[in-house]
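>>> Just to be clear, the model below is a prediction. Sequence and coordinates:
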Amino acid sequence: MSGDLVLLALMVGAANWAFRALPTILLRREPQPGGILSRFLAATGPAAIATLFAASILPQLYPAPKELVPLAAGVAATVLGFLPRRSVVAATLCGALAYGLAFAALG
């Protein structure tokens with residue numbers, strides 16, 4: 001394993017921890033509804049999802065696109081799984097299941 005990869009993983013992990021934990025450690029009181037801290041914490045979930053999506057899709061597309069059918073099935077199922085109830089858990093499970101089924105079907 002490359003030392004650069006380990007260093008990158010440690011840097012990303014530290015930044016992720018700081019982004020999630022520091023606001024609650026530094027500000028131990030309950031956030032005010034509609035306040036800046038509550039808006040910041042509400043944005044953490046979508047920001048993390050977008051970051052993980054970009055990190056997981058780039059190896060599939062660069063340098064040459066490969067296995068686009070399972071990728072498209074997973075993305076479509078994730079979006080469709082999210083829409084009815086706005087549940088990140090349901091969306092994640094639907095996307096993983098669709099990706100796995102499409103991958104297995106293509107053999």
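Perfect, I can see it now.
>>> for the longest helix along the chain, packing partners?
Across the chain, the longest stretch assigned as helix under DSSP state H is helix 36-61. Counting contacts by 3 or more Cβ pairs under 8 Å, 6 or more residues apart in numbering; DSSP states H and E, helix 36-61 packs against helix 3-26, helix 68-82. To be clear about C-beta, it is placed using only N, CA and C from the backbone, and glycine gets the same treatment.
>>> Kindly recompute the last result at 7 Å.
helix 3-26 (3 or more Cβ pairs under 7 Å, 6 or more residues apart in numbering; DSSP states H and E).
>>> Which residue is the nearest non-sequential neighbour of the residue nearest in space to the middle of the chain?
Centroid check for the chain by Cα atoms, centre = their mean gives residue 49 as the closest residue, at 2.8 Å. The shortest distance from residue 49 to any non-neighbouring residue, by Cβ to Cβ, 6 or more residues apart in numbering, is to residue 88 (7.1 Å).
>>> can you check residue 79 too?
In space, and not counting its chain neighbours, residue 79 is closest to residue 91: 7.4 Å by Cβ to Cβ, 6+ apart.
>>> Great, nothing more from me.
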